[in-house]
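Chemist: I would like the atomic coordinates for the input below:
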Amino acid sequence: MNVPTRILLVDDEPRFCESLAEILRSSGYLVTIAYTGKEAVQLLSENVFDLLLLDVVLPDIPGYLIMDSLKDENFGVPAIMLTGYASMETAIESLKKGAYDYLKKPIDHQVLFNTIDKALQHSHLMMALRVSEERLRTFAEASWEGIVIHENGLLIDANKQFYKMFGYRPGDLLERKIVENIISADSQNKVKERIQGETFGCHNITGKRKDGTEFPIEASSREMTYRGKKVRVCAVRDISERVRGEQEKLELQRQLAISSKMETL
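Modeler: Predicted coordinates:
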């Protein structure tokens, strides 16, 4: 079920407001009117809106300053500034404050509808990007590790998370060469070179589960003494969600770039 777009229209001209509100409502938008900046700020503190139509010149508060008072629920809501004055200074100031666009009165209704559509699309992309970034941070912070101890690739010990990550039962790989069992064919040479060259540190490779499925992992290794031997201890993380999050973020950024280019046409 589609929820109608909620618009807050702020202008001190009653006839203009009623006329424009009627046009917007006939197109399916839910419109709330405020005739002063103070009234708009109050409405924004008590309600959630999807779009703001703000007159630059109000009797008490300049329209662009209203955006400074947005609460968390309305943070990032796109604002389209309206004015009867062709003032480049106010246009620039509005854009600096975060306005999406700037339209002069009398309003061309088709231009307004097109601008509203673009502003909402841009807002949805920005929101999706913020959600993606938050999701990415959450998974990065919540990653759990498998720990494996080996000598030149021969497994000496490992924790339960390691076995679970790769689909084995505890003890299945003990005293066996593990590179061929848990690393994809494409990454095996890289791993073997690091072991032979005694290269330590963090790197990303592709892991392989017992059932043959592959997934991205982050491996961080260092040297330590274990049971009187010099061995390698590796912390392994499944970074599938992180990679998906990064890909999702890049795609959203690409869509935003395309959207921004379209706006300049």
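
Chemist: hey, let's count contacts and neighbours off CA atoms from now on
Modeler: Fine.

Chemist: where in the stretch 51-200 of the chain is pLDDT low?
Modeler: Along the stretch 51-200 of the chain, the parts satisfying pLDDT under 70 run over 69-75, 85-88, 91, 131-144.

Chemist: spell out the residue ranges of the helices in this protein.
Modeler: Taking DSSP state H, the helices of the chain run over residues 14-26, 37-46, 63-66, 88-96, 109-142, 160-166, 179-182, 185-196, 240-263.

Chemist: list the buried residues of the second one.
Modeler: Okay, so that is helix 37-46. For helix 37-46, the neighbour count (16 or more other Cα atoms under 10 Å) marks 37, 40-41, 43-44 as buried.

Chemist: from the chain's centre, how far out does it sit?
Modeler: Remark: helix 37-46 is offset 28 Å from the chain centroid, using Cα atoms, centre = their mean, to the nearest Å.

Chemist: name the helices or strands packed onto the biggest strand by length in the chain?
Modeler: Looking across the chain with DSSP state E, the single longest strand is strand 214-226. Secondary-structure packing of strand 214-226 (3 or more Cα pairs under 8 Å, 6 or more residues apart in numbering; DSSP states H and E): strand 201-208, strand 229-238, helix 240-263.

Chemist: deepest-packed of the ones you listed, please.
Modeler: Of those, the one with the most neighbours on average (mean count of other Cα atoms under 10 Å) is strand 229-238, at a mean of 19.

Chemist: list the strands paired with it, with their directions.
Modeler: Next to strand 229-238 in the sheet, as set by DSSP bridges, lie strand 145-151 (antiparallel), strand 214-226 (antiparallel).

Chemist: what residues are up against His122?
Modeler: Counting by Cα atoms under 8 Å, 6 or more residues apart in numbering, His122 touches 256, 259.

Chemist: do the same with Leu155
Modeler: Contacts for Leu155 were tallied using Cα under 8 Å, 6+ apart; they are 148-149, 173-178.

Chemist: and Cys202, by the same measure?
Modeler: Neighbour list for Cys202: 218-221 [criterion: Cα under 8 Å, 6+ apart].

Chemist: so it bridges to which residues?
Modeler: Beta-bridge partners for Cys202, by DSSP bridges, are Ser220.

Chemist: relative to Pro14, how far out is it?
Modeler: Applying Cα to Cα, to the nearest Å, the value for Cys202 to Pro14 is 64 Å.

Chemist: next: Leu8.
Modeler: Separation of Leu8 from Pro14 (Cα to Cα): 14 Å.

Chemist: same check, this time on Asp68
Modeler: Counting by Cα to Cα, the gap from Asp68 to Pro14 is 24 Å.

Chemist: now Phe166
Modeler: Per Cα to Cα, Phe166 is found 67 Å from Pro14.

Chemist: if we can go back for a sec, which of Leu8 and Pro14 has more neighbours?
Modeler: Taking other Cα atoms under 10 Å, Leu8 and Pro14 do not tie; Leu8 has more neighbours (23 against 13).

Chemist: the more buried one contacts Ala34, correct?
Modeler: Yes - assessed by Cα atoms under 8 Å, Leu8 is found in contact with Ala34 at 7.3 Å.

Chemist: who touches both of these two?
Modeler: Ala40.

Chemist: surely Gln188 touches Asn181?
Modeler: No - taking Cα under 8 Å as the definition, Gln188 is not a contact partner of Asn181, at 9.8 Å.

Chemist: can you list the buried residues in stretch 16-29?
Modeler: Buried-residue list, stretch 16-29, by 16+ other Cα under 10 Å: 17, 20-21, 24, 29.

Chemist: kindly export stretch 78-95 (C-alpha atoms) in PDB.
Modeler: The C-alpha coordinates for stretch 78-95 follow below in PDB (Å, rounded to 0.1, in the frame of the first residue of the first chain):
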ATOM      1  CA  PRO A  78      14.200  18.000   0.700                       C
ATOM      2  CA  ALA A  79      13.100  21.600   0.600                       C
ATOM      3  CA  ILE A  80      12.100  23.600  -2.500                       C
ATOM      4  CA  MET A  81      12.200  27.300  -2.000                       C
ATOM      5  CA  LEU A  82       9.600  29.600  -3.500                       C
ATOM      6  CA  THR A  83       9.800  33.300  -4.100                       C
ATOM      7  CA  GLY A  84       8.300  36.200  -5.900                       C
ATOM      8  CA  TYR A  85      11.600  38.000  -6.000                       C
ATOM      9  CA  ALA A  86      14.400  37.200  -8.400                       C
ATOM     10  CA  SER A  87      17.100  37.500  -5.800                       C
ATOM     11  CA  MET A  88      20.200  35.600  -6.600                       C
ATOM     12  CA  GLU A  89      21.500  36.200  -3.100                       C
ATOM     13  CA  THR A  90      18.600  34.500  -1.400                       C
ATOM     14  CA  ALA A  91      18.800  31.600  -4.000                       C
ATOM     15  CA  ILE A  92      22.400  31.000  -3.100                       C
ATOM     16  CA  GLU A  93      21.800  31.300   0.600                       C
ATOM     17  CA  SER A  94      18.900  28.800   0.300                       C
ATOM     18  CA  LEU A  95      21.100  26.300  -1.500                       C
END
